[in-house]
Every structure is written in C-alpha cells, then in structure tokens.
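Engineer: how would this look folded up:
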Amino acid sequence: MSLLSVFDISGTALQAESVRMNTTSSNLANANSISSSQGGTYRARHPVFAPIFAEFGEQEANVGVKVLGIVESDKPLRREHNPNHPMADEDGFVFLPNVNVVEEMANMISASRAYQTNIEVMNSAKQMLMRTLTIGQ
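Structural biologist: Predicted structure coming up:
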C-alpha cells in the first residue's frame, strides 16, 4: 500500500461520515414528529458501512469505506395516550418515532470527530509527501 492510498481511505471515510451525519440530523429533526398510525410514523435510520479491501497483489486497488445502505430501526415506536391531540386515533393514542435523542447526539459527536480525524490524517499525509519531495534538494 502506498502513501497515496491514504487519501483514498480518508476520502471514502469522509463521505461515509457525511452520510452518517446527514442521517443522524434527519433522525433528530423528526424525533418529535407525531402520526396517527404506525405505518406513517417516522423510524430512525442508520447507515451501514463496510470496508473496501484491496486484493492481494493488486497495485492500484481501491481501498476505504463504502456505505452499503441505510436501514430503518426495528425498535418499537413510542405510543402516547393523548386523546385531545387532533392526530389521535380512535383509542386516543398518537405514535411517536423510535428516535432516542441522547443516542443520536452521541452519534453526531462521534461522526463529527471521525470526520475531523480523517481531515487530520489527510493533512498529515500531505505534509509527509511534501517533505519527501524536498529531501533531494
């Protein structure tokens, strides 16, 4: 693996963390949305990451992180008795998303720090390459 593959790895990790921050933001934005049915209620979403490995012996192989997809949480929805709410069902219940705001804030902080770390890795690799170029002078 060459030093240049560091940019591939960090670049794909930046894209993956960006997807993670966007899905977390969406979860937080919809944390208090209300619905009158289970089918119409927002469900928390989370990205699924996978590594991209180079095959043994390949010279210019892609390596890094890829987003396999975004899955909806299978945790049960919150059900709240609020018969005076205009969206309450015939039993007086409204449905709220299965978003845990504390977990989502922790995810946001983690994604932000991972993004920042990958930026620092790219900057360090760039500085090493620049110093390598000046060795022969």
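Engineer: Check the gap between the most centrally placed residue in the chain and Tyr42 for me.
Structural biologist: Centrality entry for the chain: nearest residue to the mean C-alpha point is Arg20, 1.2 Å, by C-alpha atoms, centre = their mean. Distance of Arg20 to Tyr42, given as C-beta to C-beta, to the nearest Å: 18 Å. Quick note: C-beta positions are derived from backbone N, CA and C, even for glycine.
Engineer: Same check on Val94?
Structural biologist: 13 Å.
Engineer: where do the contact lists of those two overlap?
Structural biologist: Ser35 (C-beta atoms under 8 Å, 6 or more residues apart in numbering).
Engineer: packing partners for the longest helix seen in the chain?
Structural biologist: Using DSSP state H to define each element, the chain has its longest helix at helix 101-133. Applying 3 or more C-beta pairs under 8 Å, 6 or more residues apart in numbering; DSSP states H and E, one finds that helix 101-133 contacts helix 5-29.
Engineer: in the helix or strand following the helix it packs on, what's buried?
Structural biologist: Per DSSP states H and E, helix 5-29 leads on to strand 45-52 as the next helix or strand towards the C-terminus. Using 16 or more other C-beta atoms under 10 Å as the test for burial, strand 45-52 gives Arg45, His46, Pro47, Phe49.
Engineer: Would you mark the buried spots in stretch 63-72?
Structural biologist: Buried residues in stretch 63-72 (16+ other C-beta under 10 Å): Gly64, Val65, Val67.
Engineer: Many thanks, I have nothing further to ask.
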